[in-house]
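Colleague: Sharing a model prediction with you, sequence too.
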Amino acid sequence: MALLRQVARTTGSRVAKAGALRLAAPLSRGFMSSIDDYGSHVFKGAVADSYLAKQGLPAGLLEDHTWTATSSDKVAAAVMEWAQDKGATVYTHWFQPIGSTEVRLGMSMTGQVHNAMFAFGKDGKATFGEFEGKNLLKGETDGSSFPNGGMRATHTAGGYTILDPTSHIFLRGDTVYIPTVFVSFYGDALDEKTPLLRAMNAVSREGTRLLKHLGIEANSLLPNIGLEQEFFLVPRDAFYKRPDLQLCGRTIMGKNAPRGQEMCDHYMAPPNQLALACMQEIQHECFMMGIPLKTRHREVAPNQYEFAPLFGIATTQIDQNLMVMQVAQEVAARHNFACLFQEKPFNGVNGSGKHNNFSLGTDTGVNVLNVGQIAKAGGDAAFPVIMAAIVKAVDLHGDLMRMAIASPGNDFRLGAMEAPPAIVSTYLGDDVTTLLDNFRKSKTTTTYVPNTNTVDLGVPSITPFTVPAEDRNRTSPFPYGGHRFEFRAVGSSQNVSMVNTVLCSIFAEQFAAFSDAIEAGAKPIDVAAAALDEHWKVIFNGDGYSAEWPVEAGKRGVWRIDSGVEAMAALSSPKNVALFDKLGVLSEKELVARTAVMHEHYAGTVELEAMTMVDMVKQHVLPSIAKAGQASADVTKTLADVEAGIASVHAADTEYAKATAARVLRLETMEACRAACDKAEETVPAELWTLATYKELLFLDANQGGDFYE
């Protein structure tokens, strides 16, 4: 049995018994073999300082980003020696191309070219080297082969990767990863990170400017985020029997299993032991790379799980999240699982999100969304002023917030009683809402003390305990949670760079507007009160899933964009071009290009799904129906409709027109074909149905192979 376990771990082979799974045995240790392992594969802090010292460089040098202009050769030498000691002999510039979300499935969400660190001496012998400051700081590649919205072409193809010193170099296996930005010959952003860095600079500049008017001195104000990553783990042998999962990341047909999540018996249940072994290995690899995956648990749907890290600076957290997604898919394969990040891989059960928890912190340690901290630093008026600016930003730019979550997978998830609806509002809770309401009406401030309730269970052995007066509202797309806002509608497959670019930009704009008014002679309290009066409509503390809310939202006039395609178009609207341009985040050229890429990717995603559906119907569904001797008229008719829909997408003459036609194909035509196929699956004998079923995909606990353990 020990030998079989080893074979399973290294090859993923199956046992001879039909239907049994061959999965890796659980690890015999936890993911932290030693606390000293944390961050040992990251070139920062004490790890970096010991190698920098050998080059005559001071400790902490990497925190002063001017080293890129003064000490790059010596830093490169230090990195190379560190790499040698760790057994790494390859380096790559690691970047995030435009659209590095969903369509670049999992392991392809980043760009990377691996270069070996060796050279030949005059004697012709290979030596360890060929890694200098110039290699560390800059690389060149073909920008025209990445999504670029027309900013690059074959005859104007130059693309450059430039080191981002705000993100730390790390290694995995034999490769040193160097986080970079990716820009064109003219400096246009061809990636997701460059606009985020610009937006972070804008919110820091305008945020510290406003804080000074509130009596708070700070040199920087940076976004701290925490990303709750949800995903599915499904048996890989069943995954191989689903062309749609392999090519599209979601099932485009499939009858619901008799059991789903109706009993609420999956959420936070004990992890399946085979899935746990996989998650432990993911955590272990991430732990070595300094990625603090602190929390793991089962989610609501069967075979659905979540990782949640500690908070960190936005750029670092996003880099780490992208690596978590890559590691998860690679490790899952070693355990004979497939890891699915698509927002709605299965019908009838919850999809997956990536909740983007967002706060703003100064270099002096003040979280400006923490009432107690900011009041201590700047008095009772500081918190209402900051909150007023945010409320105004959400109301004015709800279209941009909706755009930021307009991934193809969210088509099937938003508003489906598992994710907030496509109506942009913010939940503040009764206490904070009352505080701001009194503030705007009286233009006076009071010390805010969050209310608490005491719960006594009437059990002598259990001490009475306190709970916040505010309950959790999971139906709001952007609820305030005491010290942070949580953007709950973000999709699980997304690179959240654009999400945080939007948040930083819209907040920066309002911080600047408040400062302008104050510098023109207005009092901060008056500016904030006026903003709250005008934009109070965007605050909604009720049930976002209720049938009444869309009607009420329409009366209020808050942003509601049901179509993801329409939401994408908002990125380059005149209002938003003006916003990004004046902040120096994105030019009109860059915005138009990104809008085109988003529409192109949407249409391409749907085309891929539709063509996969055609193949599955012709190669699997219709043959199975024929073998069962059943009628296939409904399937045949709806299949023809899908093929006609594909033709209509191809015939459209612009990216927007293609995406619009694709949305109809996806949400109407393909759904009708799916219904016909699922109805056929209900009656075709199981032995004749050649596609893996939802029962085989979703219920690992029942299908894992009982003969695996001794």
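Modeller: Done, it's in.
Colleague: residues contacting residue 148?
Modeller: Contacts for residue 148 (Cβ atoms under 8 Å, 6 or more residues apart in numbering) come out as 98, 184, 190, 593, 597. Every C-beta, even on glycine, is put in place using the N, C-alpha and C of the backbone.
Colleague: What is the neighbour count of the last one?
Modeller: Residue 597 is surrounded by 23 other residues when neighbours are defined as other Cβ atoms under 10 Å.
Colleague: Report the secondary structure element holding it.
Modeller: Element membership for residue 597, per DSSP states H and E: helix 588-616.
Colleague: returning to that earlier point: give me the buried subset of the contacts of residue 148.
Modeller: If you count burial by 16 or more other Cβ atoms under 10 Å, the buried members of those come out as 98, 184, 190, 593, 597.
Colleague: Check the secondary structure at the closest residue to the third one other than its chain neighbours for me.
Modeller: To tie it back to what came earlier, the one meant is residue 190. Excluding its sequence neighbours, the residue lying closest to residue 190 (Cβ to Cβ, 6 or more residues apart in numbering) is residue 182, at 4.8 Å. Secondary structure for residue 182, judged by DSSP: H, G, I helix; E, B strand; the rest coil, is strand.
Colleague: What residues are bridge-paired with residue 182?
Modeller: Here residue 182 sits in beta bridges with residue 161, going by DSSP bridges.
Colleague: Give me the distance between it and residue 95.
Modeller: 4 Å (Cβ to Cβ, to the nearest Å).
Colleague: now the helix holding residue 597: how far from the chain's centre is it?
Modeller: 19 Å (Cα atoms, centre = their mean, to the nearest Å).
Colleague: And it, what does it pack against?
Modeller: helix 243-248, helix 564-569, helix 574-583, helix 633-651, helix 655-664, helix 670-683 (3 or more Cβ pairs under 8 Å, 6 or more residues apart in numbering; DSSP states H and E).
Colleague: got those helices as CSV, with mean pLDDT and distance to residue 605 columns?
Modeller: Converted to CSV, the helices and strands packed on helix 588-616 look like this (pLDDT from 0 to 100; distance: least, Cβ to Cβ, whole Å):
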stretch, mean pLDDT, distance to residue 605
helix 243-248, 95, 8
helix 564-569, 95, 11
helix 574-583, 98, 23
helix 633-651, 98, 11
helix 655-664, 96, 8
helix 670-683, 97, 12
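Colleague: count of neighbours near residue 119?
Modeller: 12.
Colleague: part of a strand, is it?
Modeller: Yes - per three-state DSSP, residue 119 lies within a strand segment.
Colleague: Looks like it contacts residue 135 (just checking).
Modeller: No - counting by Cβ atoms under 8 Å, residue 119 stays clear of residue 135, with 10.9 Å between them.
Colleague: in the stretch 351-500 of the chain, which spans are strands?
Modeller: Assigned strands in the stretch 351-500 of the chain, in chain order: 354-362, 452-455, 465-468, 485-487 (criterion: DSSP state E, counting those that start in this stretch).
Colleague: Also the stretch 1-150 of the chain?
Modeller: 90-95, 111-116, 118-120, 126-128, 138-142.
Colleague: returning to that earlier point: joint contacts of residue 182 and residue 95?
Modeller: What both residue 182 and residue 95 touch, as defined by Cβ under 8 Å, 6+ apart, is the set 111, 161, 191, 193.
Colleague: Roughly how far does the third one sit from residue 580?
Modeller: This means residue 191. Taken as Cβ to Cβ, the span from residue 191 to residue 580 is 16 Å.
Colleague: The first one too?
Modeller: Shown here: residue 111 relative to residue 580, a distance of 23 Å by Cβ to Cβ.
Colleague: returning to what we had before: right, and the pair among the contacts of residue 148 with maximum separation?
Modeller: The most widely separated members of those, counting by Cβ to Cβ, are 184 and 597 (13.7 Å).
Colleague: quick revisit: Serialize the strands of the stretch 351-500 of the chain to TSV and add fields for mean neighbour count and mean pLDDT.
Modeller: Putting the strands of the stretch 351-500 of the chain into TSV (neighbours: other Cβ atoms under 10 Å; pLDDT from 0 to 100) gives the following:
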stretch	mean neighbour count	mean pLDDT
strand 354-362	23	96
strand 452-455	10	88
strand 465-468	11	86
strand 485-487	24	95
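Colleague: Columns distance to residue 506 on top of these, output as TSV?
Modeller: Output for those, formatted as TSV (distance: least, Cβ to Cβ, whole Å):
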stretch	distance to residue 506
strand 354-362	12
strand 452-455	32
strand 465-468	27
strand 485-487	12
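Colleague: Might you report the residue contacts of the closest residue to residue 452 other than its chain neighbours?
Modeller: Using Cβ to Cβ, 6+ apart and skipping residues adjacent in sequence, the residue nearest residue 452 is residue 466, 4.5 Å away. Neighbouring residues of residue 466 by Cβ under 8 Å, 6+ apart: 452, 453, 454, 455.
Colleague: So what sits opposite residue 466 in the bridge?
Modeller: Here residue 466, judged by DSSP bridges, has bridge partners residue 454.
Colleague: CA-only coordinates of stretch 531-538, as PDB, when you get a sec.
Modeller: Taking Å, rounded to 0.1, in the frame of the first residue of the first chain, the C-alpha atoms of stretch 531-538 are listed here in PDB:
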ATOM      1  CA  ALA A 531     -21.600  65.500   0.000                       C
ATOM      2  CA  LEU A 532     -23.600  63.200   2.300                       C
ATOM      3  CA  ASP A 533     -26.800  65.100   1.600                       C
ATOM      4  CA  GLU A 534     -26.400  64.800  -2.200                       C
ATOM      5  CA  HIS A 535     -25.200  61.200  -2.300                       C
ATOM      6  CA  TRP A 536     -27.100  59.700   0.700                       C
ATOM      7  CA  LYS A 537     -29.200  57.600  -1.800                       C
ATOM      8  CA  VAL A 538     -26.300  55.100  -2.300                       C
END
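Colleague: What strand or helix carries residue 695?
Modeller: helix 694-698.
Colleague: how far does that helix sit from the chain's center?
Modeller: The answer for helix 694-698 is 26 Å, by Cα atoms, centre = their mean.
Colleague: any idea which helix or strand comes after that helix?
Modeller: Using DSSP H and E, the helix or strand that directly follows helix 694-698 along the chain is helix 700-703.
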